[in-house]
Structure formats: structure tokens, C-alpha cells
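Enquirer: got a predicted structure here, sequence first:
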Amino acid sequence: MPERDAQDLPYRSQQLAALLEVFSLWSSTDFIRRIAGRAGADLDATSIVALTLLGRDGSLRASELAARLRLGASAISKISHRLGAHGLIEKRTDPRDSRATVLRLSPAGNDLMAGLVDAGDAMLADLTADWSPRDREEFDRLMRRFRDDALAQAARMAREDPSSSQKVGS
């Protein structure tokens, strides 16, 4: 069977094609570092995503963070050491199990996360600056609906596949 180029396999849904293009761009190392740079963060992309998860979800065990980032224990150890050396995270005893440790943002990590949120908000405001207020409101409404439906679908799929270890909404 001959090899096929990506353009030989177009998505029938233009919405899916557009979403995948944006996801690909926004999850790229260069893009993550550029946005983080606007917040004053000079870190690798994986560390930035780790900080974002801790900022959004609060304290996490290293194993939980590893699962969410789809990394091994040694990679998480290196990331947590690097972030700790920068004073961005703290290691604490897990209140549910005193034998375990959780990672959480330090005050400096919370400050950096506030800067990352501001950079993301500024990026979205810039992206939609030429949109009418009505278009921005409609986009917001539809994006929230899409998110809610996507999370519900992912939960259904996880229930149908009990071997799935991915947490829905992470």
C-alpha cells in the first residue's frame, strides 16, 4: 500500500480540523515557551505544563502528576527538583497518607501562575480583538458548551473502557 500524505486524508469535519490545528499549535513546545516568556517564566514546556496542572488542580502526588503528564517517575523527579530549585513548588506530606508526599505551588509558583493566566488572557483578548462583542459572547457560550459536552463524552468513554487510567477533565 503506498504511503499517503496528510492532505490525502482530510477531515470531513472542518471544525475538527480547525480544533486539531489549534491544539497542535498551542501544545507545541515553542508556543508554550513563548506564552510563558510573556509571564517571565524561563522554563521548559513540560515544567510549565506541570505548574499549570498544580495551579489548576492543587496539590498532587508525584505519581498523579506523572500520569497526567504521561511521564515516568524519573522525569517527574527531575521536574520537581528543577521547580523546587526555582522556588516554584513545595513538597509536603500527603494529609491522606503520611507516608506519601504531595507537590504544590509555593507562593512564588502562585505568582508565576497568575502571570501565566494573565498572559493567556491577553493572548485570547488579542485573538478576538476584532470580533464584535456579540461574536465573543457567542464563542464563549459555544466553547463552554463544547467543553461540557466533551467532558461528558470522555466520562462515558472511560466508563465503557474500565482499563482506561486517564482521569477525565485533566
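Expert: Yep, it's here. What you are looking at is a predicted structure, and each value in this text was computed from that prediction instead of being measured.
Enquirer: can you give me every residue that contacts the closest residue to residue 136 other than its chain neighbours?
Expert: In this structure, residue 136 finds its nearest non-sequential neighbour in residue 128, 5.3 Å apart by Cβ to Cβ, 6 or more residues apart in numbering. Every C-beta, even on glycine, is put in place using the N, C-alpha and C of the backbone. Residues near residue 128 by Cβ atoms under 8 Å, 6 or more residues apart in numbering: 135-136, 139.
Enquirer: how about those in CSV, adding neighbour count and secondary structure?
Expert: Below are the contacts of residue 128 laid out as CSV (neighbours: other Cβ atoms under 10 Å; DSSP: H, G, I helix; E, B strand; the rest coil):
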residue, neighbour count, secondary structure
135, 11, helix
136, 14, helix
139, 13, helix
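Enquirer: okay if I get those residues as TSV plus distance to residue 149 and pLDDT?
Expert: Formatted as TSV, these follow (distance: Cβ to Cβ, whole Å; pLDDT from 0 to 100):
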residue	distance to residue 149	pLDDT
135	21	98
136	20	97
139	15	96
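Enquirer: closest one of those residues to residue 47?
Expert: Residue 47 lies nearest to residue 139 out of these, by Cβ to Cβ, at 30.6 Å.
Enquirer: for residue 145, see how far away that closest one is.
Expert: In this view, residue 139 and residue 145 are 11 Å apart by Cβ to Cβ, to the nearest Å.
Enquirer: same question for residue 124.
Expert: Distance, residue 124 to residue 145, by Cβ to Cβ: 17 Å.
Enquirer: please apply the same query to residue 61.
Expert: From residue 61 to residue 145 the distance is 33 Å (Cβ to Cβ).
Enquirer: cool, residue 96 as well?
Expert: To residue 145, residue 96 is 35 Å away according to Cβ to Cβ.
Enquirer: repeat that for residue 126.
Expert: In terms of Cβ to Cβ, residue 126 sits 24 Å off from residue 145.
Enquirer: quick revisit: how close does the residue nearest to residue 136 sit to residue 149?
Expert: Going from residue 128 to residue 149 by Cβ to Cβ gives 22 Å.
Enquirer: quick one: pLDDT of the most centrally placed residue in the chain?
Expert: In the chain, the centroid-proximal residue (Cα atoms, centre = their mean) is residue 49; its distance is 5.5 Å. pLDDT for residue 49: 93.
Enquirer: sheet partners, orientation included, of the biggest strand by length in the chain?
Expert: Using DSSP state E, we find that the single longest strand of the chain is strand 97-105. Neighbouring strands of strand 97-105 in its sheet, by DSSP bridges, are strand 60-61 (antiparallel), strand 89-94 (antiparallel).
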